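1. sharing a model prediction with you, sequence too.
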Amino acid sequence: MRERLPNRREALVLTVPHPIPGSAILYTVSIGFDSFGAPKELFIECNKLTTAMNISGLEIATLVSIALQHGSSLQELAAAMPREDNNDPQGAAGAILDAVISALSQGN
């Protein structure tokens, strides 16, 4: 069952570059937390607002948020993303999830 979040909640905002080298695409990621401090939702916007990349960010945010609210972990979701041989993410979803996990592990 999906968890209902409080109307007002703590949030953390990150800027995440797209993983393609030389890309000018940046994602602004807002992480929303439940009343216990666990991440339960993402909001993602791209600096290229009218592009497919921005729509992909919105879709990633929706899917990750629903998964988190149904009990999935960020680590579980990140591990399911396509990776290079050196474990770098191949796409935006993996890069965003990695950045969120890194920021949370550093206590940001």
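-> Perfect, I can see it now.
2. CA atoms for contacts and neighbours, from now on please.
-> OK.
3. centroid-wise, who is the farthest residue in the protein?
-> In the chain, counting by Cα atoms, centre = their mean, residue 85 sits farthest out from the average C-alpha position, at 21.8 Å.
4. specify the local secondary structure of it.
-> Recorded secondary structure, residue 85: coil (DSSP: H, G, I helix; E, B strand; the rest coil).
5. ok, residue 30 next?
-> Per three-state DSSP, the local secondary structure of residue 30 is strand.
6. what about it, how many residues close to it?
-> Taking other Cα atoms under 10 Å as the neighbour definition, residue 30 ends up with a count of 18.
7. ok, what's across the strand from it?
-> Listed by DSSP bridges, the beta-bridge partners for residue 30 are residue 13, residue 43.
8. state the distance from it to residue 73.
-> Separation of residue 30 from residue 73 (Cα to Cα, to the nearest Å) stands at 17 Å.
9. tell me the buried residues in the lengthiest helix in the chain?
-> Here the longest helix in the chain is taken by residue count, with DSSP state H as the criterion, and it is helix 52-69. Neighbour counts over helix 52-69 (16 or more other Cα atoms under 10 Å) mark 53-58, 60-62, 64-69 as buried.
10. what residues does residue 89 make contact with?
-> When contacts are counted by Cα atoms under 8 Å, 6 or more residues apart in numbering, residue 89 touches 19, 81, 82, 83, 95.
11. list the buried ones in the least confident helix or strand in the chain by mean pLDDT?
-> The helix or strand of the chain with the lowest confidence, counting by mean pLDDT, DSSP states H and E, is strand 11-17 at a mean of 90. Of the residues in strand 11-17, those with enough neighbours to count as buried (16+ other Cα under 10 Å) are 13, 14, 15, 16, 17.
12. looking at those, which is nearest residue 101?
-> residue 14 (11.2 Å; Cα to Cα).
13. show me what contacts that closest one?
-> Taking Cα under 8 Å, 6+ apart, we find residue 14 in contact with 28, 29, 30, 100.
14. can we see that at 10 Å?
-> 27, 28, 29, 30, 31, 44, 96, 99, 100, 103, 108 (Cα atoms under 10 Å, 6 or more residues apart in numbering).
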